[in-house]
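K.L.:
Sequence and predicted structure are below.
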Amino acid sequence: MSRFLNVLRSWLVMVSIIAMGNTLQSFRDHTFLYEKLYTGKPNLVNGLQARTFGIWTLLSSVIRCLCAIDIHNKTLYHITLWTFLLALGHFLSELFVFGTAAPTVGVLAPLMVASFSILGMLVGLRYLEAKPVSRQKKRN
């Protein structure tokens, strides 16, 4: 396996663990969302919305972790790439379309993570497409 894919796997695990923490925080106390993310219109944040956000984040976290485990599964790889595209679209729309988010660290951090992850996964497609050389052929 290429070194790049190994680094990408580590990145996916790290992002997945952070997302699990955000999930727990969303279930524990919904004020986290209106204090850090949706500061533009905090009155729209309630417990139900926080739990929905938490489940969405947990699902993304599980998909990303599974991709890190089985990074050569092309279907799972593409689904994982879509989790980052959806996250980027979500935060950009909340920032620029709906006005529920403001350009704070709480919003800029997930935008940067999603952007870097998309970039990394697009570069990783090049390594994913390359056929791995079997150990038997390497020895000859």
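P.N.:
Received the coordinates, thanks.

K.L.:
so where do the helices sit in this protein?
P.N.:
Ranges of helices in the chain, per DSSP state H, are 3-28, 31-32, 47-69, 74-96, 105-129, 135-139.

K.L.:
do you know which of these lies nearest residue 39?
P.N.:
Of all the helices of the chain, helix 105-129 sits nearest to residue 39, with 7.2 Å by C-beta to C-beta. No exception for glycine: its C-beta is placed from N, CA and C like everyone else's.

K.L.:
Residues touching that closest one, excluding its own?
P.N.:
Contacts to helix 105-129, defined as C-beta atoms under 8 Å, 6 or more residues apart in numbering, come from residues 2, 4-5, 8, 11-12, 15, 35-37, 39, 71-72, 74, 77, 80-81, 84-85, 87-88, 91-92, 94-95, 101.

K.L.:
same thing with stretch 75-88?
P.N.:
Looking at what lies outside stretch 75-88 - C-beta under 8 Å, 6+ apart - the contacts are 12, 60, 63-64, 66-67, 70-71, 110-111, 114-115, 117-118, 121-122, 124-125, 128.

K.L.:
Select only the buried ones of those in PyMOL?
P.N.:
PyMOL command restricting these to the buried ones, with burial defined by 16 or more other C-beta atoms under 10 Å:
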select buried, resi 12+60+63+64+66+67+71+110+111+114+117+118+121+124+128
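
K.L.:
For the residue positioned nearest the centre of the chain, give me the pLDDT.
P.N.:
Taking C-alpha atoms, centre = their mean, the centroid of the chain lies closest to residue 84, which sits 4.7 Å from it. Each residue has a pLDDT score; the one for residue 84 is 98.

K.L.:
any idea how far it is from residue 51?
P.N.:
Residue 84 sits at a distance of 22 Å from residue 51 (criterion: C-beta to C-beta, to the nearest Å).

K.L.:
and if you look at residue 99?
P.N.:
In this structure, residue 99 and residue 51 are 23 Å apart, going by C-beta to C-beta.
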